[in-house]
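# Give me a model of this one.
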Amino acid sequence: MKTSPVPEFHLDKSSRLPLYLQLVNSIKSAITEARLHAGDVLPPERELAEMMDIARGTVRKALLQLLKEGVLVRNQGVGTFIAPHIRQSLPLLESFSEMATASGGQAQSELVGYLRRPCTPDEHRILQMKQDSGEVVELTRIRKINGITVSLQIATLPAQFLNNISELSESLYWHLESKGAPILRATQQFSAAVTDSKLAHYLNTNEHEPVLLVTRTGFTHNDRPVEYTQTWCLSDYCDFTIELHRKNP
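Residues are numbered from 1 along each chain as shown. So this is what the prediction gives:
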């Protein structure tokens with residue numbers, strides 16, 4: 001999170017539209033026009049009210065509306081800031097880094113686990129390992145946008161694609177591409193989940209909070225699976241859109 005110059009919010013006191021809704025729309029417009037970015041901290045209610053010469057209660061009502069919509073996030077003792085939003089339009093295949101960039105943010109990862117181990121029977125089946133005792137690399141990373149945690153991801157891939165953790169860049173997809181195994185297609189499954197103590201710790205939230213679990217298998221040339229990931233997403237920050245077409249008669 002960072003403190004940035006607050007853009008001007010133009011309110012028309014002669015308009016029939018309530019001032020709090022005008023402020024809601026002005027803040028949304030500032031985000032859309034990239035005058036405000038994910039992680040930018042807003043001034044306190046009192047300062048905003050003084051800047052615009054409106055009642056503090058009007059500012060509070062606008063901020064509460066934006067908090068309810070997930071446009072803003074409030075951390076006790078830190079302040080109110082612009083929430084990051086990962087938006088993925090399916091079936092477009094994008095990496096986390098690409099989605100973060102498209103949303104106007106900067107992708108960041110915090111590696112919290114790296115393990116080289118024998119694959120499990122399920123991983124052997126999913127990744128179509130040639131040997132029963134084949135090794136995989138398991139990466140556990142906290143995914144962030146502009147320093148704000150949005151998800152926890154556990155990625156599993158055949159060990160041959162990552163001999164040393166120092167080889168890994170910000171994007172796993174870019175790394176696999178450099179190894180001659182670009183992700184060309186993927187299957188993706190969505191399911192509901194709740195945080196346990198471990199997830200709550202990594203996602204900086206409470207236990208038993210609802211999250212979205214996204215399970216993905218990525219395939220490279222010759223339809224070979226090279227990536228199996230499970231990502232627990234904070235639903236306030238992640239949107240997935242699917243375009244549907246009616247079957248022709």
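# Please name the strands paired to the helix or strand residue 138 falls within in the sheet, noting orientation.
Assigned by DSSP states H and E, residue 138 belongs to strand 135-145. Here strand 135-145 is paired, per DSSP bridges, with strand 107-118 (antiparallel), strand 148-158 (antiparallel).
# so which of those is the most packed in?
The highest mean neighbour count among the strands paired with strand 135-145, using mean count of other C-beta atoms under 10 Å, belongs to strand 148-158: a mean of 21. C-beta here means a position set from N, CA and C on the backbone, and glycine is covered the same way.
# send the alpha carbons of that strand over as CSV?
Coordinates of the C-alpha atoms in strand 148-158 are reproduced here as CSV (Å, rounded to 0.1, in the frame of the first residue of the first chain):
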residue,chain,number,x,y,z
ILE,A,148,-2.0,-6.8,-1.1
THR,A,149,-2.5,-10.5,-0.6
VAL,A,150,-5.2,-11.9,-2.9
SER,A,151,-4.6,-15.6,-3.0
LEU,A,152,-2.5,-18.6,-1.9
GLN,A,153,-1.3,-21.0,-4.6
ILE,A,154,0.3,-24.4,-4.5
ALA,A,155,1.7,-25.4,-7.8
THR,A,156,3.1,-28.9,-8.6
LEU,A,157,5.1,-29.6,-11.7
PRO,A,158,7.5,-32.4,-12.8
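# And it, how far out from the chain middle?
How far strand 148-158 lies from its chain's middle: 11 Å, per C-alpha atoms, centre = their mean, to the nearest Å.
# confidence score at the nearest residue to residue 229 once chain neighbours are set aside?
What sits nearest to residue 229 in space, not counting adjacent residues and going by C-beta to C-beta, 6 or more residues apart in numbering, is residue 155, at 4.3 Å. What the model reports as pLDDT for residue 155 is 96.
# If we go by neighbour counts, what in the strand holding residue 138 is buried?
136, 137, 138, 139, 140, 141, 142, 143, 144, 145 (16 or more other C-beta atoms under 10 Å).
# one step back: next, format the strands paired with strand 135-145 as a markdown table and append distance to residue 51.
Listed next are those as a markdown table, based on distance: least, C-beta to C-beta, whole Å:
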| stretch | distance to residue 51 |
| --- | --- |
| strand 107-118 | 31 |
| strand 148-158 | 25 |
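# Minimum distance to residue 168: which of the ones you listed has it?
strand 107-118 (8.0 Å; C-beta to C-beta).
# Next secondary structure element downstream of the closest one?
Next along from strand 107-118, by DSSP H and E: helix 121-126.
# Who are the packing partners of that following helix?
Counting contacts by 3 or more C-beta pairs under 8 Å, 6 or more residues apart in numbering; DSSP states H and E, helix 121-126 packs against strand 225-233.
# For the next helix-or-strand element following the strand it packs on, what is the distance to the chain centroid?
Per DSSP H and E, strand 225-233 leads on to strand 238-242 as the next helix or strand towards the C-terminus. When distances are taken as C-alpha atoms, centre = their mean, strand 238-242 is centred 11 Å away from the chain's centroid.
# what angle separates strand 238-242 from strand 225-233?
Angle between the axes of strand 238-242 and strand 225-233 is 120 degrees (criterion: axes from the mean of the first three to the mean of the last three C-alpha atoms, to 10 degrees).
# Which stretches in this structure count as strands?
Assigned by DSSP state E, the chain shows strands spanning 2-3, 40-41, 72-75, 79-82, 86-90, 107-118, 135-145, 148-158, 185-194, 210-219, 225-233, 238-242.
# Can you list the neighbours in contact with stretch 120-130?
Residues external to stretch 120-130 that are found in contact with it (C-beta atoms under 8 Å, 6 or more residues apart in numbering): 119, 132, 134, 136, 156, 157, 158, 217, 224, 225, 226, 228.
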